[in-house]
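Q: next come a sequence and a model predicted from it.
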Amino acid sequence: MGKIGKLIAVFLILFGLAGSGFGQKSGDEKKKSDKEERSIGGEEHDSNIYGVTIGMDVSTALEAVFRTARRKPGQEKPDAMKKEGENKADIRVVYKELPKGELQILFAGGKYVKEIILQYEQPIQYSDLRLPPSGDVGAALGGQRYDDRYTVGYTDSQKVQGVWWRDEKTDEGFQIRVIFTSTNRLKNSQFGSQKILQKAIFVTPGDEKAFASAMEKRQQ
């Protein structure tokens, strides 16, 4: 275990976060199939944020952020932490001022990642991500192709904040959801709904029990 590993291990002990040893490769690290191709919208569509994936254990997730975000010595641990959920068993950690913005990771039972949220420092134009302009499969972005895996909708009936989401199956029997949310057009001009403010990845609603069961199996 290197210096980084030791520092993160101390953090795990101090804050009571359970997890496997630092640097240990666990079953949560899925291998991409040879046929899987990156979205034409680029790496922002990958089902991870700063290398963190759903189901990843604590030490592996913290290591991923440290290395992928290129944190410096002294920045091994998150900037904030709080307990939440039933019996305050879940733990949310926050990284502030990363290169892309603020990152939040929620660990189910303080053990495994079940939610990842990235608030972009600089909102991204939805067309730059090749997100579809509407749910119409015939829609086009100035003749360009777009990632047609997404369902398009809004967070409210006033249609002031757009959302794009897709579900992805895992090998462990549950699905994860990748979702992009736009800025509020009433607060950020009439074009606000065309800029992406947030990316989030979490267990698809309805698959929470399947996720919990899969995490239990890992401990057996």
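A: The structure has been received and is ready for your questions.
Q: how about the contacts made by residue 129?
A: Residues near residue 129 by C-beta atoms under 8 Å, 6 or more residues apart in numbering: 41, 42, 44, 45, 147, 180, 196. Every C-beta, even on glycine, is put in place using the N, C-alpha and C of the backbone.
Q: after the host helix or strand of residue 60, which helix or strand is next?
A: Using DSSP states H and E, residue 60 maps to helix 58-68. Heading C-terminal from helix 58-68, the first helix or strand you meet, by DSSP H and E, is strand 80-84.
Q: thinking again about what came up before, got JSON lines for the contacts of residue 129, with neighbour count and distance to residue 216 too?
A: Shown next, in JSON lines, are those (neighbours: other C-beta atoms under 10 Å; distance: C-beta to C-beta, whole Å):
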{"residue": "41", "neighbour count": "20", "distance to residue 216": "35"}
{"residue": "42", "neighbour count": "13", "distance to residue 216": "35"}
{"residue": "44", "neighbour count": "19", "distance to residue 216": "32"}
{"residue": "45", "neighbour count": "19", "distance to residue 216": "30"}
{"residue": "147", "neighbour count": "16", "distance to residue 216": "34"}
{"residue": "180", "neighbour count": "24", "distance to residue 216": "31"}
{"residue": "196", "neighbour count": "22", "distance to residue 216": "35"}
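Q: and which of these is nearest residue 121?
A: residue 196 (12.1 Å; C-beta to C-beta).
Q: what's the distance between stretch 149-158 and the middle of its chain?
A: Between the centre of stretch 149-158 and the centre of its chain there are 19 Å (C-alpha atoms, centre = their mean, to the nearest Å).
Q: quick one on the thing from earlier: now the helix holding residue 60 - C-alpha only, CSV.
A: C-alpha atoms of helix 58-68 as CSV (Å, rounded to 0.1, in the frame of the first residue of the first chain):
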residue,chain,number,x,y,z
VAL,A,58,-15.3,3.1,-0.9
SER,A,59,-11.5,2.8,-1.2
THR,A,60,-11.6,2.1,-4.9
ALA,A,61,-13.9,5.1,-5.5
LEU,A,62,-11.8,7.5,-3.5
GLU,A,63,-8.6,6.3,-5.3
ALA,A,64,-10.4,6.8,-8.6
VAL,A,65,-11.2,10.4,-7.9
PHE,A,66,-7.8,11.2,-6.5
ARG,A,67,-6.1,9.9,-9.6
THR,A,68,-8.6,10.8,-12.3
